[in-house]
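>>> no sequence on hand, only this structure:
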């Protein structure tokens, strides 16, 4: 399931720099639709595009359907993108500057949660048809990079929920999410590179 990998130096360097940035950046850069959140989208759209390209690339045979694996990846990235913009709520504002609520978005607002459930179900079916467990035994996840991804996810939680001295608040959360999305992109590219013929 896992394999030894080289240190992804850019990721570990960013992990250290993230603490410095959290201390010096003004609060407004962590706002909804702010600078950091917009930069996160680069990783997410990059991952979506990579999965789209991989659907038609020749790949090793692991007993599953490659197109289903990468379709699942596209759905996963689409869900993350839509999560980041709150399914469009973050793009709409009330006269007082607050974001729209789902109840203000009519039929679309009512359909958001059922759509998420349907997309997750399709994602799981696609992973099953792709026999993702076999693909993972073939490529094996990079241990150090996967650990770094978990560290970024943990630090995002710390930034949002905890009052940790030296790392807290919206800026810290968004910086850590940026790192998590970077590592997701890196791991997906690593996996794709190992599956290609």
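Perfect, thanks for sending it. Since the structure is predicted, the reported quantities are computational estimates derived from the model, not experimental observations.

>>> which residues touch stretch 75-94?
32-33, 37, 40-41, 44-45, 47-48, 51, 99-102, 104-105, 108, 112, 116, 119-120, 122-123, 126, 181 (Cβ atoms under 8 Å, 6 or more residues apart in numbering). Backbone N, C-alpha and C define where each C-beta goes, glycine included.

>>> likewise for stretch 180-187?
Stretch 180-187 has contacts (Cβ under 8 Å, 6+ apart) with 8, 10-11, 14, 40, 43-44, 46-47, 50, 80, 141-142, 145-146, 148-149, 152-153, 156.

>>> angles on the backbone of residue 166, please.
Backbone torsions for residue 166, taken as degrees, to the nearest 10, come to phi 90, psi -10.

>>> actually, residue 145.
Here residue 145 shows phi and psi, under degrees, to the nearest 10, equal to phi -70, psi -40.

>>> chain neighbours aside, what residue packs nearest to it?
residue 8 (5.1 Å; Cβ to Cβ, 6 or more residues apart in numbering).

>>> could you do residue 119 as well?
Closest to residue 119 by Cβ to Cβ, 6+ apart is residue 75, at 5.6 Å.

>>> which parts of the one helix or strand that neighbour maps to are buried?
If you go by DSSP states H and E, residue 75 is part of helix 66-84. Neighbour-count burial for helix 66-84, counted by 16 or more other Cβ atoms under 10 Å, picks out 66, 68-82, 84.

>>> can you map out the strands along the chain?
2-3, 141-142 (DSSP state E).

>>> show me where pLDDT drops low in the chain?
Counting by pLDDT under 70, the chain contains low-confidence ranges at 97, 163.
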